[in-house]
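[1] Have a look at this fold, sequence not included:
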């Protein structure tokens, strides 16, 4: 039996919902003394505006992210061209002091790195839930103390491990101190939806005031970004986004969705619904409510139209992770925006072929 027609159900329900809602709205406006729909709309707008966090001053944002590559550039202006994703993890063991130093030596002055908490609450620079992908041991980071994690060599599986020797997981403090000393800027990516990390960020920015003009805090989770900016509106923040981020572990064109995050069907449906709501609300409400300054967008969801739409909202689009030389050239030369990459190989060629070199 051909069940292809079942795919039409969501679209048909949407049409029905919009039609019914429009009819109800017209009836409510013209037939009610106190139209509930209008009152509800006004109340929602008022609540969103009341509890939103205004974006930081554009001058502060420009101090961190610099001029956009397509703008008129003077010799003294800073222009962000390349962000080393996890410290260019294809060139050196990712999220390590060695990788960040390698970036500095190659002239890359903007680093993205990931942070999470150990079992005893120590903020460390690490991406995965476990260390298995990078080390000859398997430990769950959130259930392991810093004392047991700090001596693990995470270079053992890297193709260039011989260049770097034993490489360990750094703390957030160590990474930030080294990058500030090297004059590097940074994206601090909060990996987990754990509110315990929020006071850690606030304390870090309070102790290191220069981070307000050197660092952007980012995450996939809008609630985390809201709490960070609500507690300190001066912190510049971005949100990371990709298709199906909450329901599926990965997304890549042309393969599409990766494995499901949740095996239980009801949890998977909830994740799918959250993806739908989040995708709809991000360009309409979420960006305004959070006071976002940038959007870290999956490269396979990038288009010129999206860049222009977000530019009108005052939000920069920075795609990730752009590793192919052809993709780098397209983004740098045609779209004229910055990008995150896992490798610095060929960067000089890409950018020295642009008008802004």
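    Okay, I see it. Nothing here was measured: the structure is a model prediction, and the numbers come from that model. Numbers count the residues shown, from 1 in each chain.
[2] can you tell me the helix or strand for the residue nearest to the spatial centre of the chain?
    Centroid check for the chain by Cα atoms, centre = their mean gives residue 240 as the closest residue, at 2.4 Å. Using DSSP states H and E, residue 240 falls within strand 236-241.
[3] who does that strand touch, helix- and strand-wise?
    Counting contacts by 3 or more Cβ pairs under 8 Å, 6 or more residues apart in numbering; DSSP states H and E, strand 236-241 is packed against helix 58-65, strand 215-219, helix 222-231, helix 287-290, strand 294-298. Using the backbone N, CA and C atoms, a C-beta is placed for each residue, glycine as well.
[4] and those as TSV, adding mean pLDDT, distance to residue 96 and mean neighbour count?
    TSV is the format used below for the helices and strands packed on strand 236-241 (pLDDT from 0 to 100; distance: least, Cβ to Cβ, whole Å; neighbours: other Cβ atoms under 10 Å):
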stretch	mean pLDDT	distance to residue 96	mean neighbour count
helix 58-65	95	23	16
strand 215-219	98	18	24
helix 222-231	98	24	20
helix 287-290	98	30	20
strand 294-298	98	21	23
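[5] I'd like those as TSV, with distance to residue 136 appended.
    Supplementary listing: the helices and strands packed on strand 236-241 in TSV, determined by distance: least, Cβ to Cβ, whole Å:
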stretch	distance to residue 136
helix 58-65	38
strand 215-219	30
helix 222-231	32
helix 287-290	40
strand 294-298	31
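[6] what's the closest of the ones you listed to residue 35?
    Closest to residue 35 of these is helix 287-290 (Cβ to Cβ; 24.8 Å).
[7] From the contact counts, what lies against that closest one?
    Contacts defined by 3+ Cβ pairs under 8 Å, 6+ apart place helix 287-290 against helix 36-51, helix 222-231, strand 236-241.
[8] Output these in TSV, with distance to residue 92 appended to each entry.
    TSV is the format used below for these (distance: least, Cβ to Cβ, whole Å):
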stretch	distance to residue 92
helix 36-51	42
helix 222-231	28
strand 236-241	22
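[9] and residue 345, how far is that from residue 7?
    43 Å (Cβ to Cβ, to the nearest Å).
[10] more crowded one of these two?
    residue 345 (16 against 8; other Cβ atoms under 10 Å).
[11] All good on my end, thank you.
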